[in-house]
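Chemist: got a predicted structure plus its sequence, pasted below:
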Amino acid sequence: MLIDAHVHLDGYGDRLPAALGDIERRPILTFAVSMDPGSYEVAERVSVESPHVIPAFGIHPWEAHRWAERLEDVDALIEEAPMIGEIGLDRRWVEEPEKYEPQRLVFRHFLRRAAACDRIINVHTSGAETECLEEIVDHGCRRVIVHWYSGPLDVLRDMIDAGFYFTVGVELRYSEWIRQVALAIPDDRLLTETDNPGGLEWLTGEAGMPEKIADVVADLAELRDTAPETVEALVAENVRRLMDGDPALDAWVDCLAS
């Protein structure tokens, strides 16, 4: 089974039925991350219709300043969500220093609660890789997916030592640095993603559909000198290991095994 470990389904708008058609046809086990409560509602609704969609609740660092003073309003969603994300810090695309402390407050709030219920977290680290690593380790989160890592290789190695998993996505085809990162990720920590629909659109102007995850698998296979089927099986095994033992994810573990 193909795995897309980071997608914003709410971004598809009118194209959502076509995107879900892609997901069910392949099929593609899809981690539907959110930016805020509104986007989580979309992911949750879709997950009822599609057995291959896992809804994840988070407050994206770009939205953190809107929620830092009312985090109690989202605690119920954190408790109910089977997975947490997208959460994290951003020092690359967010240039306003006054937004950095709200990001920390929101990130720490989610980390405390994710650690308490041992949820998988899906983390944005852009430009704040070391700080994210320190916060995650300090809070004791055990199951960590780092989304679209593009930072220094020495910090990547520290994250590997801490037991994190890493997604590689559509930028692999366009960036030599991402290819270096992808080669540095051990087999047993490798995941795949698209970050679509916006991931591919940011790179090429083309809104990415779920089927693009097959291109990521093919590009990874070529880079690592193996077959696409080998990468697909490897990533599926890594996801199975990551989700194993979490009763909130039992249905999707069964989906992987079917």
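Modeler: Everything's here; your move.
Chemist: how about the nearest residue to Val239, chain neighbours excluded?
Modeler: Take Val239 and drop its neighbours on the chain: the residue closest to it by Cβ to Cβ, 6 or more residues apart in numbering is Ile3, 5.3 Å away. Heads up, the C-betas are built off the backbone N, CA and C, glycines and all.
Chemist: tell me, how many residues neighbour the closest residue to Glu232 other than its chain neighbours?
Modeler: Leaving aside its sequence neighbours, Glu232 sits nearest to Val217 (Cβ to Cβ, 6+ apart; 5.5 Å). Residues near Val217, counting by other Cβ atoms under 10 Å, number 21.
Chemist: buried set for the lengthiest helix in the chain?
Modeler: Looking across the chain with DSSP state H, the single longest helix is helix 100-117. Going by neighbour count (16 or more other Cβ atoms under 10 Å), the buried part of helix 100-117 is 100, 102-107, 109-111, 113-115.
Chemist: what about the residue nearest to Glu232, which helix or strand?
Modeler: Per DSSP states H and E, Val217 falls inside helix 213-223.
Chemist: what's that helix packed up against?
Modeler: For helix 213-223, the contact count by 3 or more Cβ pairs under 8 Å, 6 or more residues apart in numbering; DSSP states H and E identifies strand 2-7, helix 176-184, strand 190-192, helix 228-243 as packing neighbours.
Chemist: what's the most buried one of those?
Modeler: Mean neighbour count, computed with mean count of other Cβ atoms under 10 Å, is highest for strand 2-7 among the helices and strands packed on helix 213-223, reaching a mean of 27.
Chemist: quick one, helices of the stretch 1-150 of the chain?
Modeler: Here the stretch 1-150 of the chain has its helices, by DSSP state H, counting those that start in this stretch, at 16-25, 37-49, 75-80, 100-117, 129-139.
Chemist: tell me the contacts of the residue nearest to Glu232?
Modeler: Contact analysis of Val217 by Cβ atoms under 8 Å, 6 or more residues apart in numbering lists 2, 192, 228, 231-232, 235.
Chemist: I'd like the residues you listed as CSV, with distance to Ala43 and pLDDT appended.
Modeler: CSV is the format used below for those (distance: Cβ to Cβ, whole Å; pLDDT from 0 to 100):
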residue, distance to Ala43, pLDDT
Leu2, 18, 97
Thr192, 19, 98
Pro228, 27, 98
Val231, 26, 98
Glu232, 24, 97
Val235, 21, 98
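Chemist: now these as TSV including distance to Glu69?
Modeler: Listed next are the contacts of Val217 as TSV, based on distance: Cβ to Cβ, whole Å:
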residue	distance to Glu69
Leu2	40
Thr192	36
Pro228	47
Val231	44
Glu232	44
Val235	39
